[in-house]
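J.: No sequence on hand, only this structure:
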């Protein structure tokens with residue numbers, strides 16, 4: 001038996017029922033676009049307006065410094081294969097400032113081109129908006145205060161179980177660096193097997209969105 005309430009209930013047309021899921025998807029997509037396409041001042045209200053993400057370094061300013069990529073030559077300092085076999089080196093680097101080791105990267109196994117993101121934690125898109133993670137906690141890099149004639153040294157090693165082997169070291173004049181991406185190309189020698197270093201610099205006080213921008 002059909003109740004009066006059942007018989008009087010209006011039924012949606014079939015085409016409208018099929019359209020509802022599509023409308024929900026479009027609504028969610030529009031909301032996501034609205035969140036990520038906000039003006040910079042609404043996304044990162046705490047950003048220091050005095051911070052510049054381009055140009056030369058400013059004396060007295062402290063910077064995050066890290067290598068986003070290191071490429072090495074196919075053979076070691078003795079022009080022999082790495083790791084005495086077919087495997088590429090396990091690359092790790094250190095940054096030295098004023099004679100002190102101030103940063104050491106994680107090791108990238110079996111690589112002629114090793115890369116690092118500059119992040120110390122797993123992030124999702126909400127974190128990139130700078131809302132839920134502190135930049136000081138998330139950015140994995142050395143912290144160096146720049147002054148005129150400042151230098152920083154990078155030491156690159158092939159990490160082995162028995163003993164680590166030198167790949168090369170290079171002293172970098174910070175006067176030649178800029179905020180953002182810096183590429184340094186080197187030649188092979190008896191003391192150097194580093195082909196290229198990509199160094200990234202970001203002013204202290206920047207947020208995670210700034211880090212994403214300099215990684216482009």
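T.: Thanks, I have the structure now. All of these numbers come straight from a predicted model, not from anything done at the bench.

J.: Show me the shaky parts of the chain.
T.: 1-50, 120-135 (pLDDT under 70).

J.: Which parts of it are strands?
T.: Per DSSP state E, the chain has strands spanning 62-72, 91-97, 100-104, 113-115, 142-145, 151-158, 165-173, 180-185, 194-203. These are given in chain order.

J.: Ok, which of those strands comes nearest residue 212?
T.: Taking CB to CB as the measure, the strands of the chain were each checked against residue 212, and strand 194-203 came out nearest at 10.5 Å. For glycine as for every other residue, the C-beta is placed from the backbone atoms N, C-alpha and C.

J.: so what does that closest one touch, helix or strand wise?
T.: strand 62-72, strand 151-158, strand 165-173, strand 180-185, helix 208-214 (3 or more CB pairs under 8 Å, 6 or more residues apart in numbering; DSSP states H and E).

J.: Export the strands of the chain as CSV, with columns for mean neighbour count and distance to residue 215.
T.: Compiled in CSV, the strands of the chain are given as follows (neighbours: other CB atoms under 10 Å; distance: least, CB to CB, whole Å):
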stretch, mean neighbour count, distance to residue 215
strand 62-72, 21, 7
strand 91-97, 21, 17
strand 100-104, 13, 17
strand 113-115, 17, 10
strand 142-145, 18, 16
strand 151-158, 19, 19
strand 165-173, 16, 19
strand 180-185, 14, 8
strand 194-203, 20, 7
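
J.: okay, those strands in TSV with distance to residue 54 next?
T.: Converted to TSV, the strands of the chain look like this (distance: least, CB to CB, whole Å):
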stretch	distance to residue 54
strand 62-72	13
strand 91-97	22
strand 100-104	23
strand 113-115	22
strand 142-145	18
strand 151-158	20
strand 165-173	19
strand 180-185	6
strand 194-203	11
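
J.: who wins for proximity to residue 83 among these?
T.: Checking these against residue 83 by CB to CB gives strand 151-158 as the closest, at 7.2 Å.

J.: per-domain residue ranges of the chain.
T.: Domain segmentation of the chain under automatic domain parsing yields 4-41, 62-214.

J.: With distance to residue 138 as extra columns, can I get the helices and strands packed on strand 194-203 in TSV?
T.: Listed next are those as TSV, based on distance: least, CB to CB, whole Å:
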stretch	distance to residue 138
strand 62-72	11
strand 151-158	22
strand 165-173	25
strand 180-185	18
helix 208-214	6
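
J.: out of the ones you listed, nearest to residue 98?
T.: Ranking these by their distance to residue 98 (criterion: CB to CB) puts strand 151-158 first, at 8.8 Å.
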